[in-house]
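> Pasting the sequence and the predicted model now:
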Amino acid sequence: MRVKVLFVSSEMSPLASTGGLGDVTGSLPEALRREGVDVRVIMPLYKRIKQSCASQLRFLRWSMIRLGWRTMYSGLFMMEVNGVPVYLIDNDFYFGHDSIYIDYSFDIERFSFFQRAVLEAMGEPMGFDPDIIHLNDWQTGMIPILLEAHYQSHGYHRQTRCLITLHNLKYQGIHGREVVQDLMDLPDSYMSETAALKDGVPNFLKAGIAWSSRVTTVSPTYAREIMSEYFGEGLDELLKAHQWKVKGILNGIDVDLYNPARDPEIAAAYSPKAWIRGKGTCKKALQEELDLPKLPKTPLFSMVTRLDSQKGIDLLLHVIDELLAEDVQIVVLGTGDPSYEKRLQDVQGRHPVNMRSMIQFDRHLARRIYAGSDIFMMPSIFEPCGLSQMIAMRYGTLPIVRQTGGLADTVKPWNKFEQTGTGFGFLNINAHELLYTAKEAAALYRNEKASWSKMVVSAMQGDYSWNRSAEEYKTLYREILDEAR
Ligand code: GLC
């Protein structure tokens, strides 16, 4: 029997995405379908999707959803993205905006509506009755409780089970009890510490962890880390209590999209067998595009990131002047926290010759940077998985990472005695460790061509595809269903 999975997410690349969650939704379901799982995605119909995909959207039906004292219109549309059926929930009041997220308390209401609309759509309206609902992050965390309270206890969807994937524990969906209880129409029995409450207030992510059959996170190391106080964001005790059902499954990347041998975006194609000339051409083109001196031998460092404290921007800012005093070039691409945006622009002001701060979100430029630079920096404070380091390696750009979460699981740090590695690592949250590692990488790049080349080739040859992970998810789905029988 083909397992039927409804993959619920607030983002899906290329329709609407702010980062890693969107990338995962844009590639994991496709990989699972190749494994024979009937996966379909459901997400909000944001304004952008409505405008750019108007001709592909097929209207299925509309209904009214109860939301506390309100009754709200909910439209159900459908389209296909790379062979994956995608259902979209329409409501202009909630989703007819330019951005995916708006502000904290409105987002609580928007995704409360979304979760209720998802459950209403399941079955006859969608023409799809999933065996498993695969949830992602806080925006979907209340679904297991809503499913039980509003459906299963009345005899509907009795066989359906939930699995939640944690992409980031920092955001949990916490709001006042009265508001949430009203939006969700939940009886008091669910407003308890064993169900939806954490320290007296509703917490969507906590509810999802407690009420799902399985919890996965996006790398094995992060799965261990979140059981500790430092990484647990207050949920470590809960996760430890549910340890038996928590599993780390490493993310993959879209290896067809991120392929230097066939990427139409970059100046020259290259492969692990012949990369030196092609990558050199890409570097020159990038320097030209960014108006940097065209110096082939100067190490070009890059960073493509959300400008968020999670990403270790503070470590870099602390030592960046010292690094720029050397013969190096640095380019940072990203948007986010306005104070980081400003400080990075100030750095460029101080170092107009060898620093570029590109404060924008540009997927195309991102690929030209991955291909054209030599060293990629990812000094994250915590990193559930991280995709950029894998993309960088695929383009033969060696990452410098702090060895945490998925960074520890995907990058093999340089070992000069064995002459092996696919990047560079440092352990502590310490700016000078980053600086020291960056200087070490630059020196190796300049002076030891043969070792560098060996690393580039092993980085490029790594398997970053979804194949193995998709198999692991498939096994997990089966396990859940076997238990349910
Ligand atoms: C979040 C995490 C990142 C992870 C991504 C996809 O963005 O911060 O580490 O790779 O989700 O799972």
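That came through, no problem.
> Over to I65. Which of the three states is it?
Using DSSP: H, G, I helix; E, B strand; the rest coil, the secondary structure recorded for I65 is strand.
> What separation is there between it and the ligand?
28 Å (CB to the nearest ligand atom, to the nearest Å). C-beta coordinates here come from the backbone N, C-alpha and C atoms, glycine included.
> Can you name the residues bridging to that residue?
When bridges are called by DSSP bridges, I65 pairs up with M72.
> Helices along the stretch 301-450 of the chain, start to end?
Here the stretch 301-450 of the chain has its helices, by DSSP state H, counting those that start in this stretch, at 313-324, 338-350, 363-372, 388-394, 405-410, 431-447, 449-461.
> Show me what from the stretch 1-150 of the chain comes close to the ligand.
G19, G20, L21, V24 (CB under 6 Å from any ligand atom).
> Might one say that the last one is in contact with H167?
Spelled out, that is V24. Yes - V24 is within contact range of H167, at 7.0 Å (criterion: CB atoms under 8 Å).
> so what sits against both of those two?
N136, V218 (CB atoms under 8 Å, 6 or more residues apart in numbering).
> out of the two, which sits in the more crowded spot?
Regarding V24 and H167, a neighbour count based on other CB atoms under 10 Å identifies V24 as having more, with 28 against 23.
> Where does the stretch 151-300 of the chain get nearest to the ligand, which residue?
H167 (3.4 Å; CB to the nearest ligand atom).
> Next one: the residue of the chain found nearest the ligand, what pLDDT does it get?
Nearest to the ligand in the chain, going by CB to the nearest ligand atom, is G20, at a distance of 2.4 Å. On pLDDT, G20 comes in at 91.
> contacting residues around it?
H167, N251, P384, C385, G386, L387.
> List phi and psi for V215.
phi -120, psi 130 (degrees, to the nearest 10).
> For it, give me its contacts.
L163, I164, T165, L166, G208, I209, L239, H242, K245, V246, K247.
> May I see the PyMOL selection of the buried members of these?
Buried subset of the contacts of V215, written as a PyMOL selection, criterion 16 or more other CB atoms under 10 Å:
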select buried, resi 163+164+165+166+208+209+239+242+246+247
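> ok so, going back, tell me which of the residues of the stretch 1-150 of the chain next to the ligand is nearest to M358?
When these are compared for distance to M358 (CB to CB), G19 wins out at 16.5 Å.
> neighbours around that closest one, how many?
Neighbours of G19 under the rule other CB under 10 Å: 19.
> Could you pull out the strands in the stretch 201-350 of the chain for me?
All strands of the stretch 201-350 of the chain, identified by DSSP state E, counting those that start in this stretch, fall at 201-202, 214-217, 246-248, 300-304, 329-333.
> which helices and strands does the first one pack with?
Using 3 or more CB pairs under 8 Å, 6 or more residues apart in numbering; DSSP states H and E as the contact criterion, the secondary-structure elements in contact with strand 201-202 are helix 177-184.
> following the helix it packs on, which helix or strand comes up?
Heading C-terminal from helix 177-184, the first helix or strand you meet, by DSSP states H and E, is strand 197-198.
> and that next one, how far out from the chain's middle?
The chain centre lies 26 Å from the centre of strand 197-198; the measure is CA atoms, centre = their mean, to the nearest Å.
> Let me see the mean pLDDT of that strand.
For strand 197-198, the per-residue pLDDT averages 97.
> same deal with stretch 380-397?
On average, stretch 380-397 scores 98.
> Name the residues of it that are buried.
380-397.
> what about it, how long is it end to end?
Using CA to CA, to the nearest Å, the end-to-end distance of stretch 380-397 comes to 17 Å.
> so who does K294 touch?
K284, Q287, E288.
> Not counting sequence-adjacent ones, nearest residue to T397?
Residue nearest to T397 in three dimensions, not counting chain neighbours: F376, with 4.8 Å by CB to CB, 6 or more residues apart in numbering.
> Hmm, P399 and that neighbour touching each other?
Yes - with contact defined as CB under 8 Å, F376 reaches P399; the gap is 4.5 Å.
> Overlap of the contact sets of those two?
In contact with both F376 and P399: S388, Q389, A392, G423, using CB under 8 Å, 6+ apart.
> returning to that earlier point: turn the helices of the stretch 301-450 of the chain into CSV, including distance to Y104.
Shown next, in CSV, are the helices of the stretch 301-450 of the chain (distance: least, CB to CB, whole Å):
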stretch, distance to Y104
helix 313-324, 22
helix 338-350, 17
helix 363-372, 27
helix 388-394, 27
helix 405-410, 25
helix 431-447, 31
helix 449-461, 39
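> Kindly compare burial across those and name the winner.
Counting by mean count of other CB atoms under 10 Å, helix 388-394 has the highest mean neighbour count of the helices of the stretch 301-450 of the chain, with a mean of 27.
> hmm, who's touching that helix?
252-253, 255, 258-260, 302, 304-305, 370, 376, 378, 398-399, 401, 406-407, 410-411, 422-423, 459-460, 462, 464.
> Quick one: residues contacting L434.
Counting by CB under 8 Å, 6+ apart, L434 has contacts G312, L315, L316, V319, M377, P379, I400, R402, F426.
> rerun at 6 Å
By CB atoms under 6 Å, 6 or more residues apart in numbering, the contact set of L434 is L315, P379.
> average model confidence for stretch 319-338?
For stretch 319-338, mean pLDDT rounds to 97.
> got the end-to-end distance for that stretch?
20 Å.
> next one: stretch 378-398
Using CA to CA, the end-to-end distance of stretch 378-398 comes to 11 Å.
> ditto for stretch 156-163
18 Å.
> Need the pLDDT of I143.
I143 is given a pLDDT of 98.
> which residues sit in contact with it?
Here I143 is in contact with Q115, L135 (CB under 6 Å, 6+ apart).
> Please tell me I have it right and the residue nearest to T397 contacts V401.
No - between F376 and V401 there is no contact under CB atoms under 6 Å: 8.7 Å.
> Pull the contacting residues for the closest residue to T422 other than its chain neighbours.
If the residues on either side of it in the chain are set aside, T422 comes closest to A459, at 4.0 Å by CB to CB, 6+ apart. Residues in contact with A459 (CB under 6 Å, 6+ apart) are M393, L398, T422.
> Give the other helices and strands that the strand or helix carrying L481 contacts.
Assigned by DSSP H and E, L481 belongs to helix 467-484. Contacting helix 467-484 under the criterion 3 or more CB pairs under 6 Å, 6 or more residues apart in numbering; DSSP states H and E is no other helix or strand.
> residues making contact with that helix?
The contact list for helix 467-484, computed with CB under 6 Å, 6+ apart, reads 3, 31-32, 35, 37, 131-132, 161, 213-214, 249-250, 252.
> Tell me where the stretch 51-200 of the chain has strands.
Under the criterion DSSP E, counting those that start in this stretch, the stretch 51-200 of the chain contains strands at 58-67, 70-81, 84-90, 132-136, 161-166, 197-198.
> which of these is buried the deepest?
Comparing the strands of the stretch 51-200 of the chain by mean count of other CB under 10 Å gives strand 132-136 as most buried, with a mean of 27.
> Pairing partners for that strand, with directions?
Assessed with DSSP bridges, strand 132-136 is paired to strand 4-8 (parallel), strand 161-166 (parallel).
> For those, give me JSON lines that also has distance to S153 and mean pLDDT.
Listed next are those as JSON lines, based on distance: least, CB to CB, whole Å; pLDDT from 0 to 100:
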{"stretch": "strand 4-8", "distance to S153": "20", "mean pLDDT": "98"}
{"stretch": "strand 161-166", "distance to S153": "15", "mean pLDDT": "98"}
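> Distance to F113 added to those strands, as JSON lines?
Below are the strands paired with strand 132-136 laid out as JSON lines (distance: least, CB to CB, whole Å):
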{"stretch": "strand 4-8", "distance to F113": "13"}
{"stretch": "strand 161-166", "distance to F113": "19"}
